[in-house]
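Engineer: Here is my input; please provide its structure:
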Amino acid sequence: MNKKEKVYAFLLSEARVPLSEDEIAAILDVPAFDRFELSIILEELTLSGLITSHKGRFAAKKTLSDDAVMQTILSSHGFPPEFPQEVQKAAGRIPSSVQNTEGREDLRHLLTFTIDGADARDFDDAISIDETEDGFTLYVHIADVAHYVKYNGAIDKEAGKRGTSCYLPCRNVPMLPRELSNGICSLNPNVDRLTLSTVIFLDKQGNVLDFRITEAVIRSDYRLIYEEVTKVLENGKPDKKHESVFPALRALDALSVLLTARRKEKGSIDFNLPEAKIIFDGKKPVSIEKREEGRANRMIETAMVLCNRIIAEYINKKELPFVYRVHEKPDRDKLERLSAALGVLGLSIPGRFSGKKAAELLESEKGKDREYIVSTILLRAMMKAKYSPENLGHFGLGLSDYCHFTSPIRRYPDLCCHRIVKALINGEDTKKFQNKVSRYALHASEREEAAQEAEREAVRYYMCRCMEDRIGEEFEAVISSVLDFGFFVSLPNLAEGLVHVRTLGDDYYIFDETTLSLTGKRSGAVYRLGDKVEVRLQSVDAATSRIDFVLKEAPENGKNHRTKQKSKTRLLRGRNH
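Structural biologist: Residues are numbered from 1 along each chain as shown. Coordinates of the predicted model:
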């Protein structure tokens, strides 16, 4: 939570009693040098209608719609749903259909398709593929956003400011106006669209023999859906909808298997962690499900990773300014924590740590009860992926060259890469980007983090809303984090909540960060990372996105409970990579 959200969450919890600014500052322990900022926050919350102000006393409105909560999350992270009038006017001047294809390679004769989620509206990428006796020709078509979004124009400035689209459950805020993101830039079916296409020639073993990059015009024939494609591939025969495109899907699937095997050989780590998906009835959140990637998801991801790698290698060899996607190897401190956490589970990574060894460990735990915990532990040990003007390689993918090139509708770094590549293939000067890529990379990394935090906050909020009617129910859970004040548990549907140490009974608990455990001094009870426990849902507070559990057999009101921390270093709950 940022400061504004913390103040608002506090006022929601104290909604019964209006408080003065001095009282709020005292309870929240706001230092004197932050009092002016607190005044500004209270003024902003009042103007936004989230809290009321009367005679110098403040209180949150007792009820807030889900839409209002999402609006607050988006605004607090810099993703306003509406675009400035100047940007809307500029978008309105862009034609809604392709007007001119002069100088472009015509690829409309190719059988072309997109594969996305059922609720997707913006289609950055499309695929064409030919399989021959000698190998494969793979066409990765990416929307030519740079053709429409002119450098330093009103749309470009706003896109750069946002940095990325932001996708919340049941709602998204695009980086570009919808006339572009859902319209002329999106590779919608049965309409002409301009693309920057990478044509890749591979042999039967999946080795890249050659490639070329071309400004093209395409016409997508099919808008396919991940789950449906996965089903027909696993059935081994097409239904009526996929009959004409099935040979191409089978060829792409075969190539994906080859490319995945080659990536694993080079040390690519596939965490394959499921994500929580909020199920809605209209706008009402009703349940939480696991969202797991299927065969079709992995197929498209493999094609995009290949394209991104080829583009990064190409630019790196030319020694041109660029925005790379980098992921550094874990530092010593992280590796020490990883070793300790794996040791708790009786696991280890022998010798020098590498991506290949991490991938082998994940493979050995596949299908086991602790697979999710082991994947989580490894993910937390990773450095955070980011954008950089320096080519530092991508440890998680096992690649020495990598960039983000395949999603220019929703990511600004991809649009930057497109501009540099287009300048290169058209013989234009690329020096103008030299002093800009560092700023682009830093800002894009910051905006990516803001979008991820907004998405996490929205999911946590909706998880609470889905669990509100289940207070008192009992669940099987797994301990996903252990800290000095208790431990977090994860349910099968990925909802997560806290079992506070004070609910564990009248005992003196010792937190050991080395073994990631809490041990009762008198009872000898031990709670470790990865342990299975049975819990009862005790309380849910959507306003603070907090879910609290108690152990099924534990006393409901443990008293006089303290913890002693053996290590001064606290365990981090998680890290996205």
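Engineer: Tell me which stretches of the stretch 251-400 of the chain form strands.
Structural biologist: Taking DSSP state E, counting those that start in this stretch to define them, one finds strands in the stretch 251-400 of the chain at 275-281, 284-291, 324-326, 386-388.
Engineer: Equivalent analysis for the stretch 1-150 of the chain, please.
Structural biologist: In the stretch 1-150 of the chain, the strands defined using DSSP E, counting those that start in this stretch lie at 19-20, 51-54, 57-60, 105-106, 113-116, 125-131, 135-143.
Engineer: Now do the first one: which elements does it pack against?
Structural biologist: Where contact means 3 or more C-beta pairs under 8 Å, 6 or more residues apart in numbering; DSSP states H and E, strand 19-20 is packed against strand 57-60. Bear in mind the C-beta positions are built from the backbone N, C-alpha and C, glycine included.
Engineer: circling back: and among the strands of the stretch 251-400 of the chain, the most buried is which?
Structural biologist: Of all the strands of the stretch 251-400 of the chain, strand 324-326 has the most neighbours on average by mean count of other C-beta atoms under 10 Å, namely a mean of 25.
Engineer: For it, enumerate its sheet partners and note whether each is parallel or antiparallel.
Structural biologist: strand 386-388 (antiparallel) (DSSP bridges).
Engineer: outside of the partner strand, which residues touch it?
Structural biologist: Taking contacts as C-beta atoms under 8 Å, 6 or more residues apart in numbering, the residues outside strand 386-388 that touch it are 323-327, 404, 413, 440-442, 444-445, 448.
Engineer: Pull the most distant pair out of those.
Structural biologist: Among the contacts of strand 386-388, the pair separated by the greatest distance (C-beta to C-beta) is His327 and Tyr440, at 17.9 Å.
Engineer: circling back: most tightly packed of the strands of the stretch 1-150 of the chain?
Structural biologist: Of all those, strand 135-143 carries the top mean neighbour count, a mean of 24, counting by mean count of other C-beta under 10 Å.
Engineer: how close does Ala91 sit to Pro408?
Structural biologist: 16 Å (C-beta to C-beta, to the nearest Å).
Engineer: ok, now Ala495?
Structural biologist: Taking C-beta to C-beta as the measure, Ala495 falls 35 Å from Pro408.
Engineer: Which of the two has more residues huddled nearby?
Structural biologist: Pro408 (28 against 23; other C-beta atoms under 10 Å).
Engineer: does that one count as helix, strand or coil?
Structural biologist: Using DSSP: H, G, I helix; E, B strand; the rest coil, the structure places Pro408 in coil.
Engineer: Check whether it really touches Asp124, as I assumed.
Structural biologist: Yes. Pro408 lies in contact with Asp124 (C-beta atoms under 8 Å); the separation is 6.4 Å.
Engineer: So for the two, which residues contact both of them?
Structural biologist: Common neighbours of Pro408 and Asp124, using C-beta under 8 Å, 6+ apart, are 142-143, 414.
Engineer: low-scoring stretches of this structure, by residue?
Structural biologist: 1, 13-17, 61-63, 554-577 (pLDDT under 70).
Engineer: center of it - which residue?
Structural biologist: In the chain, the residue lying closest to the centroid (C-alpha atoms, centre = their mean) is Gln452, at 5.7 Å.
Engineer: and the gap between it and Glu21?
Structural biologist: To Glu21, Gln452 is 32 Å away according to C-beta to C-beta.
Engineer: just Asp506 next, same as before
Structural biologist: Where Glu21 is concerned, Asp506 sits at a distance of 40 Å (C-beta to C-beta).
Engineer: Phe485 too?
Structural biologist: 29 Å.
Engineer: Which parts of the stretch 1-150 of the chain are helices?
Structural biologist: 3-13, 21-27, 35-47, 66-76, 85-92, 145-148 (DSSP state H, counting those that start in this stretch).
Engineer: Can I get the fifth one as PDB, trimmed to CA atoms?
Structural biologist: Read that as helix 85-92. C-alpha atoms of helix 85-92 as PDB (Å, rounded to 0.1, in the frame of the first residue of the first chain):
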ATOM      1  CA  GLN A  85      -8.800  15.600 -24.400                       C
ATOM      2  CA  GLU A  86      -5.700  16.400 -26.600                       C
ATOM      3  CA  VAL A  87      -4.900  12.700 -26.800                       C
ATOM      4  CA  GLN A  88      -8.500  11.800 -27.600                       C
ATOM      5  CA  LYS A  89      -8.600  14.300 -30.400                       C
ATOM      6  CA  ALA A  90      -5.300  13.000 -31.800                       C
ATOM      7  CA  ALA A  91      -6.700   9.400 -31.700                       C
ATOM      8  CA  GLY A  92      -9.900  10.600 -33.500                       C
END
